[in-house]
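Student: A predicted structure for the sequence below; I have some questions about it.
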Amino acid sequence: MSSQAPAQAPVIWWIRRDLRLADNPALTAAVERGAPVIPLYILDGQEEALGAAPKFRLGLGLAHFAKVLAGRGSLLILRRGDAQQVLSDVVKETGAGAVYWSRLYDPDAISRDTAVKETLKSGGLEAKSFGGRLLFEPWTVETKAGGMFRVYTPFWKAVREREPAALLPEPSKIPAPDVWPDSEDLDAWQMGAAMRRGADVVKDHCRVGEAAALDRLDEFLDEAVVRYKDLRDFPALDATSGLSENLAWGEISPHRMWHLGQRAMEQSRNGAEHFLKEVVWREFAYHLMYHSPEILTRNWRSEWDSFGWRTETTPEVEAWMRGQTGYDFIDAAMRELYVTGKMHNRARMIVASFLCKHLMVHWKVGMDWFAECLVDWDPASNAMGWQWVAGSGPDAAPFFRIFNPEGQLDKFDADRRYTRHWIAEGQQNPPKTAMAFFDAAPRSWDLKPGQPRARPLIDLKVGRERALNAYSANRKSDQAT
C-alpha cells in the first residue's frame with residue numbers, strides 16, 4: 001500500500017464506454033477529490049466477448065483516447081483479466097483510496113459492478129458509480145402508476161419537459177500520480193484480429209474520438225438538421241447525424257446532443273425536435289433493457305415463443321449475411337454494413353423484416369449478426385430494434401407490417417444511388433465503395449465483382465403469404481390455450 005495520506009490517496013477512474021473528457025461525471029468527481037487520478041481500462045470477459053466489429057472499434061477508441069490523455073499529462077493504464085481482481089491489484093499497487101466509474105445498464109454489467117462495489121467497500125475503499133451514459137437514470141422515469149413504460153410515445157411525453165443534467169466542462173487538469181502502475185500493450189491485445197482483412201476497409205469509415213464527435217454534432221445541427229425529418233429515410237443522402245458510432249463508445253454524451261438539439265429547436269431549426277425524439281428512442285431502449293432484461297435474449301412478448309421461426313444458419317441466411325439475396329435494397333444494405341460497420345436506419349428495418357418475415361428466421365439470428373458486424377453496436381438499441389421489426393417486442397410494429405424491399409427501393413432510392421453505391425455487379429465502372437465489399441469479405445465466401453448478380457432467394461409474394469399464414473396459425477394456437 002502507498003504511504004500517502006488517505007486524503008491524497010489516488011482515485012482510480014475505471015473507464016468503460018465513456019471515452020471522453022467533457023460531460024463525464026465520473027471523471028469530474030475524481031478530479032474534484034484533488035488527489036491523483038489513475039485512468040484504468042480493464043479488458044475483462046464481458047469486453048472480450050464483443051463481436052468482431054465492436055471490439056475492433058473499441059480498440060480504435062482506446063488507442064485514440066490514450067493519445068488524448070497523454071496530451072493532458074495523464075496516462076491510460078490497460079489491464080486484462082477479471083475486473084474485480086484487476087481493481088484489487090491496482091489498488092494494492094497504487095494505494096488508491098477510491099474507484100469511480102460510469103454506469104452500464106445491461107444485466108451482466110450490473111451483476112459485475114454490484115459485486116465489485118461490494119468488494120471494494122468491504123475493503124474500506126470508496127466505490128462510486130455515476131450516470132452520464134443516459135439522460136435520465138432508468139429507475140427515475142415511471143408511469144403515473146409507478147411502473148415501467150412499455151410504449152414509446154408516453155415515455156417521450158414523460159421526459160420531454162425534463163431538464164437533463166447540465167453540461168460538464170473538460171477538467172483543466174487531470175492530476176497525475178508520482179509513479180504510474182504498469183500498463184499492458186494495446187497492440188498485443190489484437191482487438192481487430194477477428195476482422196481479418198476487413199479491418200483496414202472498415203477503419204476508413206470510422207470517425208474516432210471526442211473531437212470528431214463534437215465536430216459531427218456541430219456540422220449536423222448547422223446544416224443537415226433542417227432536412228432531418230424529411231430526408232432521414234433516404235439512405236443515399238447524408239441527412240443523419242452519424243453519431244451512433246461515437247455515442248456507443250461514449251465519445252459524446254447524450255446530454256450534449258440534447259442540450260444543443262434543444263438550442264437548435266429554440267432557433268426554429270426544422271427537424272431538431274425529431275432529432276431529440278431519436279435521442280429519447282435510445283433512452284427508451286435502455287429503459288426497457290433495465291426493467292426487462294429478457295429483451296436481450298428472448299421474446300419480450302411471450303406469445304411469440306411458439307412462433308415457427310427458424311433458428312439454424314441455412315444457405316438462405318448465409319446469402320442474407322453476404323448481401324446475396326438478389327434484392328437490391330437488402331444486398332446494398334448488407335454490403336454497406338460489411339464495408340463501413342454501419343447501416344442506415346431505414347435499411348436496418350428492411351433487412352430485418354426480410355429476414356424475420358420473408359425468410360421466417362428468428363430475430364436473434366439477425367441480432368447476433370449485427371452484434372458481430374456493427375461498430376456502433378449497442379445492446380439495448382440492437383435488441384429493441386430487432387424485436388420491434390419482428391413484432392415480438394414492446395411498442396412493436398405489427399407482424400403483418402411486412403416491408404416489400406422492391407417497393408421500399410422505389411420509394412427511398414428511386415434513382416438507385418444507394419444501390420449503385422454498394423453493388424458492383426452489373427456496373428461497367430463500379431465505385432470504390434462497391435468494390436470495397438470484395439476486399440472486406442472473407443476469402444472463404446469466394447465473391448468476385450465479375451460474378452452474375454444473385455437470383456432472388458424467394459418470391460416476395462410467396463414469402464409474405466407464408467409469413468401471414470404462420471402468424472395467423474400462431475394467433476389461433478395462442479388463443480386456444
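Tutor: Right, received. Where do you want to start? Residues are numbered from 1 along each chain as shown.

Student: which stretches of the stretch 1-150 of the chain have low pLDDT?
Tutor: 1-7 (pLDDT under 70).

Student: Output the residue ranges of the helices in it, listed in chain order.
Tutor: Counting by DSSP state H, counting those that start in this stretch, one finds helices in the stretch 1-150 of the chain at the ranges 25-32, 45-48, 52-71, 83-94, 107-122.

Student: Would you state the strands of this protein in chain order?
Tutor: Residue ranges of the strands in the chain, as given by DSSP state E, are 11-15, 37-43, 77-80, 98-102, 126-130.

Student: now the helices of the stretch 1-150 of the chain in TSV, with mean neighbour count and distance to residue 153?
Tutor: Quick note: C-beta positions are derived from backbone N, CA and C, even for glycine. Shown next, in TSV, are the helices of the stretch 1-150 of the chain (neighbours: other Cβ atoms under 10 Å; distance: least, Cβ to Cβ, whole Å):
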stretch	mean neighbour count	distance to residue 153
helix 25-32	20	29
helix 45-48	14	33
helix 52-71	20	30
helix 83-94	19	38
helix 107-122	15	26
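
Student: Which one of these lies nearest to residue 441?
Tutor: Of all those, it is helix 52-71 that lies closest to residue 441, at 13.1 Å by Cβ to Cβ.

Student: May I have the closest one as CSV, with CA atoms only?
Tutor: Extracted in CSV, the C-alpha atoms of helix 52-71 (Å, rounded to 0.1, in the frame of the first residue of the first chain):
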residue,chain,number,x,y,z
ALA,A,52,-15.5,-8.6,-34.2
ALA,A,53,-16.5,-5.1,-35.4
PRO,A,54,-17.4,-3.6,-32.0
LYS,A,55,-14.3,-5.0,-30.4
PHE,A,56,-12.2,-3.5,-33.3
ARG,A,57,-13.9,-0.1,-32.9
LEU,A,58,-13.3,-0.2,-29.2
GLY,A,59,-9.6,-0.8,-29.9
LEU,A,60,-9.6,2.3,-32.1
GLY,A,61,-11.3,4.3,-29.5
LEU,A,62,-8.9,3.2,-26.7
ALA,A,63,-5.8,4.0,-28.9
HIS,A,64,-7.1,7.5,-29.6
PHE,A,65,-8.1,8.1,-26.0
ALA,A,66,-4.7,7.1,-24.8
LYS,A,67,-3.2,9.8,-27.0
VAL,A,68,-5.7,12.4,-25.7
LEU,A,69,-4.8,11.6,-22.1
ALA,A,70,-1.1,11.7,-22.8
GLY,A,71,-1.6,15.1,-24.3
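
Student: okay, the strands of the chain, which one's buried deepest?
Tutor: strand 11-15 (a mean of 25; mean count of other Cβ atoms under 10 Å).

Student: quick revisit: any chance of the helices of the stretch 1-150 of the chain in TSV with distance to residue 382 as columns?
Tutor: Listed next are the helices of the stretch 1-150 of the chain as TSV, based on distance: least, Cβ to Cβ, whole Å:
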stretch	distance to residue 382
helix 25-32	25
helix 45-48	16
helix 52-71	10
helix 83-94	23
helix 107-122	15
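
Student: List the contacts of stretch 306-326.
Tutor: The contact list for stretch 306-326, computed with Cβ atoms under 8 Å, 6 or more residues apart in numbering, reads 299, 330-335, 338, 351, 354-356, 359-365, 369, 392, 422-423, 437, 441, 445, 447, 453-458, 470-471, 473-474, 477-478.

Student: ok, back up a step: turn the strands of the chain into CSV, including distance to residue 273.
Tutor: Below are those laid out as CSV (distance: least, Cβ to Cβ, whole Å):
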stretch, distance to residue 273
strand 11-15, 33
strand 37-43, 37
strand 77-80, 41
strand 98-102, 28
strand 126-130, 29
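
Student: coming back round to it: out of the helices of the stretch 1-150 of the chain, flag the one nearest residue 232.
Tutor: Between those, helix 52-71 lies closest to residue 232; by Cβ to Cβ that is 23.0 Å.

Student: Tell me which other helices or strands the closest one touches.
Tutor: Here helix 52-71 touches helix 45-48, helix 186-189, helix 198-203, helix 244-248, helix 363-373, going by 3 or more Cβ pairs under 8 Å, 6 or more residues apart in numbering; DSSP states H and E.

Student: so which of the ones you listed comes closest to residue 132?
Tutor: Comparing the helices and strands packed on helix 52-71 by Cβ to Cβ, helix 244-248 comes nearest, at 11.8 Å.

Student: And for residue 364, the neighbour number?
Tutor: Residues near residue 364, counting by other Cβ atoms under 10 Å, number 21.

Student: what's the answer for residue 44, then?
Tutor: 18.

Student: Next, work out how far apart the closest residue to it other than its chain neighbours and residue 297 are.
Tutor: Leaving out its chain neighbours, the residue that sits closest to residue 44 by Cβ to Cβ, 6 or more residues apart in numbering is residue 83, at 4.4 Å. Counting by Cβ to Cβ, to the nearest Å, the gap from residue 83 to residue 297 is 22 Å.

Student: among the helices of the stretch 1-150 of the chain, which is nearest residue 159?
Tutor: helix 25-32 (18.8 Å).

Student: Give the other helices and strands that the closest one contacts.
Tutor: Using 3+ Cβ pairs under 8 Å, 6+ apart: helix 25-32 touches strand 11-15, strand 37-43, strand 98-102, strand 126-130.

Student: if you set the cut-off to 7 Å instead, what comes out?
Tutor: The helices and strands touching helix 25-32, judged by 3 or more Cβ pairs under 7 Å, 6 or more residues apart in numbering; DSSP states H and E, are strand 11-15, strand 98-102, strand 126-130.

Student: What are the contacting residues of that helix?
Tutor: 11, 13, 18, 21, 37, 100-102, 128, 130-132, 168, 171, 174-175 (Cβ atoms under 7 Å, 6 or more residues apart in numbering).

Student: Kindly calculate the angle that that helix makes with strand 11-15.
Tutor: 160 degrees (axes from the mean of the first three to the mean of the last three Cα atoms, to 10 degrees).

Student: can I assume residue 150 is in contact with residue 394?
Tutor: Yes: the criterion here is Cβ atoms under 7 Å, and residue 150 meets it with residue 394 at 5.0 Å.

Student: So between these two, which is more surrounded?
Tutor: Between residue 150 and residue 394, residue 394 has the larger neighbour count (other Cβ under 10 Å), namely 21 against 17.

Student: so that one touches residue 300, yeah?
Tutor: Yes: shown here, residue 394 and residue 300 form a contact pair, counting by Cβ under 7 Å, at 5.5 Å.

Student: Domain parsing of the chain, as residue ranges.
Tutor: Domain assignment of the chain by automatic domain parsing yields the ranges 1-132, 134-166+198-291, 302-476.

Student: I'd like those laid out as TSV, including distance to residue 192.
Tutor: What follows is the domains of the chain, written out as TSV (distance: least, Cβ to Cβ, whole Å):
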stretch	distance to residue 192
domain 1-132	4
domain 134-166+198-291	4
domain 302-476	11
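
Student: Those domains: which one's closest to residue 186?
Tutor: domain 1-132 (5.8 Å).
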